[in-house]
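Asker: take this sequence and fold it.
(2 chains)
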2 protein chains.
Amino acid sequence: MKILLDSSGLDKGPDIVIEAAKKAKNDLNIQVAIVGLPDLKEKVEEAGIEFVPAETEITPNHENPALAIRREKTSTIVVGLNLLKEGSVDAFVSGGSTGAVLAGGMLVVGRLPGVKRAALSTYVPTKKGYVVLIDMGANVDVTPDVLYSFGVMAKCYAESILNIENPRISLLNNGAEEHKGNALTKEAYQLFKNSDLNFVGNMEARYIFDGDADVVVMDGFAGNAIVKALEGGFRFTNYLLKSAAKKSFITKIGLGLAKAGLKKEMSILDSSQYGGVPLLGLKKPVIKAHGSSDANAIYNSIIVAKNTIESNMIEKIEKSFKGEE
Amino acid sequence: MKILLDSSGLDKGPDIVIEAAKKAKNDLNIQVAIVGLPDLKEKVEEAGIEFVPAETEITPNHENPALAIRREKTSTIVVGLNLLKEGSVDAFVSGGSTGAVLAGGMLVVGRLPGVKRAALSTYVPTKKGYVVLIDMGANVDVTPDVLYSFGVMAKCYAESILNIENPRISLLNNGAEEHKGNALTKEAYQLFKNSDLNFVGNMEARYIFDGDADVVVMDGFAGNAIVKALEGGFRFTNYLLKSAAKKSFITKIGLGLAKAGLKKEMSILDSSQYGGVPLLGLKKPVIKAHGSSDANAIYNSIIVAKNTIESNMIEKIEKSFKGEE
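Answerer: Numbering: from 1, shown residues only, chains lettered A, B, ... in the order given. Alright, predicted model coming up:
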């Protein structure tokens, strides 16, 4: 098994990729390689890692990622995805521009037969374990059957990567009752209800963390809004904690004492421990890591890539869509 | 000025409405009345508050709120809204079913000329003050011009009720750049950009609490998802805090010391202090309070009603839509 790592697009720079690659090579009994600009070659090879040269990097927030993929044939992302397509490597891990990795995954690697749209999922902790959220922003305009297909893919993901048996699938909505929702979710509800999936009904966003569903399906606009709002909400809570400590000495002492315990408990919210997520619906494993990843997050993304390959998740998704073309 | 309070639909029962009414009558130099089922009459009149009899209550989460409003002519909501329409009272405050209050507001009181859809706004604290979020779930299927009209109404709201001069209006989106978004927000962006509003561009949900806009406009599906996700996120944080205290004695002691300071700082997140919100776009003031309101929240909703009347907010919205019919 050989996993190719993209050295571009990370906030913390390419060195953390080398660090993660070394650890993966030693600990995981797999082959790794890094694709990057020529000036990185020496450093990578000195670390004992195979180097793949590229000529450009696609910058995050490029105005038109699909156009960038078509034009920048020698970029780290396109070079990497082509090697994946040819079968020279078994998975591609990138912390680069989400739009470019997505567009590249669809244009270069391609979708599985029957899959209309590839999707980005993530998983977050709950009171009882983890819940898979799909789609996290790959598809901001969808139709009911596309939402349904996200449920099918997330089911395979939850089974293969999180080892959840017969995952409970729910649909994000503005109320629990069947008649609630907008035109999109009302129609999608019926598709889920009449399917073979273990559909447990609508899920209001306030109950996501309660752990009563294993998958919550939503369109990418809502998915992005929810995850980003939570990020902002946690940052604001943190700001209020610091502000309380500034205003009162007793509060400051108390928080100082509680710090270690809180840090341990809150570490469940630290996304770096989860690594990246596979793009669901592609023919080969493409793992999107956070742009803000550290070496540990990239290492964990490599583990996600390894698990994606070993669990045959892609074959399972392919099988689920057989006959639906 | 006379404000009518709905005694139905509150989680904590009708007694808190009587308590709030007494306080408002004493402190605010206004007239108040309560509409309720006949068995409440004695208690209300004993408290020195005018009682308006109704025969039924519309239950929250009624399958079809508009149908309930049409059928239940003697319900507290319909009786109350009719008195408002006739001019016997100057505002109506209800913590009842959101769907029914909305449907009733539109069917009985009616929309202002030029307003296509009434909307529900709220405001939340930020690092620098408050930000108005609109729409919080009244309209789950909207068009770009409806989103734009929310911005116009929220501008009047922010000016009249929050005393913000020339409010900065932003559009919720999945990225800051002009080209980001779904079909809806891309088109709405252009309407805002070419308007006279103080439009400051797209706002990612993660930056809502930073205070760099005074209004964030979104469709009701996204609005509901964001507010509910934040509610769930804060509850989950609270759960993790308690869990950390259970696992470590030192953490427990530390949190005990910090409690008073934290409580004071976090009180800005307590929605009961803000009271209800006016439905924007109606011809008369209808204030929707939380179903979970306590007496303090109802009292603060009465203040919102009073401010809505005194600030001439409705006249301002009416003026903004003149000539747009």
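Asker: got the phi/psi numbers for residue A:213?
Answerer: phi -140, psi 150 (degrees, to the nearest 10).
Asker: in the biggest helix by length in chain A, what's buried?
Answerer: In chain A, with assignment by DSSP state H, the single longest helix is helix A:220-247. Buried residues in helix A:220-247, counted by 16 or more other Cβ atoms under 10 Å in any protein chain shown: A:220-234, A:236-237, A:240-241, A:244-245. Backbone N, C-alpha and C define where each C-beta goes, glycine included.
Asker: and it with helix B:220-247, angle?
Answerer: Taking axes from the mean of the first three to the mean of the last three Cα atoms, to 10 degrees, one finds helix A:220-247 and helix B:220-247 inclined to each other by 40 degrees.
Asker: what mean pLDDT does helix A:220-247 have?
Answerer: The average pLDDT within helix A:220-247 is 91.
Asker: same deal with stretch A:289-299?
Answerer: Per-residue scores along stretch A:289-299 average to 92.
Asker: how about it as CSV, C-alpha atoms only?
Answerer: Taking C-alpha atoms only, stretch A:289-299 is exported to CSV below (Å, rounded to 0.1, in the frame of the first residue of the first chain):
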residue,chain,number,x,y,z
ALA,A,289,-7.3,17.1,5.6
HIS,A,290,-7.8,20.5,7.2
GLY,A,291,-5.7,23.4,5.9
SER,A,292,-4.9,24.1,9.6
SER,A,293,-3.6,20.6,10.2
ASP,A,294,-0.5,19.9,12.3
ALA,A,295,1.8,16.9,11.8
ASN,A,296,-0.5,14.8,14.1
ALA,A,297,-3.6,15.7,12.0
ILE,A,298,-1.8,14.7,8.8
TYR,A,299,-0.6,11.5,10.4
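Asker: quick one on the thing from earlier: ok, which of the buried residues of helix A:220-247 also contact chain B?
Answerer: Contacts with chain B within those, as defined by Cβ under 8 Å from any Cβ of the partner chain: A:220-222, A:224-226, A:228-234, A:236-237, A:240-241, A:244-245.
Asker: what bridges to the most centrally placed residue in chain A?
Answerer: Of all residues in chain A, the one closest to the mean position by Cα atoms, centre = their mean is residue A:277, 2.8 Å from it. Under the criterion DSSP bridges, residue A:277 forms beta bridges with residue A:288.
Asker: which residues touch it?
Answerer: Residue A:277 makes contact with A:120, A:121, A:122, A:123, A:136, A:287, A:288, A:304, according to Cβ atoms under 8 Å, 6 or more residues apart in numbering or on different chains.
Asker: and residue A:113, that's in a strand?
Answerer: No - counting by DSSP: H, G, I helix; E, B strand; the rest coil, residue A:113 is not part of a strand but coil.
Asker: residue A:143 versus that one, what's the distance?
Answerer: Counting by Cβ to Cβ, to the nearest Å, the separation of residue A:113 from residue A:143 is 19 Å.
Asker: of these two, give the one with the bigger neighbour count.
Answerer: Using other Cβ atoms under 10 Å in any protein chain shown, the more surrounded residue of residue A:113 and residue A:143 is residue A:143, with 15 against 12.
Asker: now the more buried one, what are its backbone angles?
Answerer: Dihedral angles for residue A:143 - degrees, to the nearest 10 - are phi -120, psi 170.
Asker: same check, this time on residue A:209
Answerer: phi -80, psi 0.
Asker: what is the neighbour count of it?
Answerer: With other Cβ under 10 Å as criterion, residue A:209 counts 23.
Asker: do the same with the one 10 residues further on
Answerer: Around residue A:219 there are 28 other residues, counting by other Cβ under 10 Å.
Asker: for it, which non-adjacent residue is closest in space?
Answerer: Of all residues not flanking residue A:219 in the chain, residue A:142 sits nearest, at 4.7 Å (Cβ to Cβ, 6 or more residues apart in numbering or on different chains).
Asker: got the contact list for residue A:207?
Answerer: Contacts for residue A:207 (Cβ under 8 Å, 6+ apart) come out as residue B:232.
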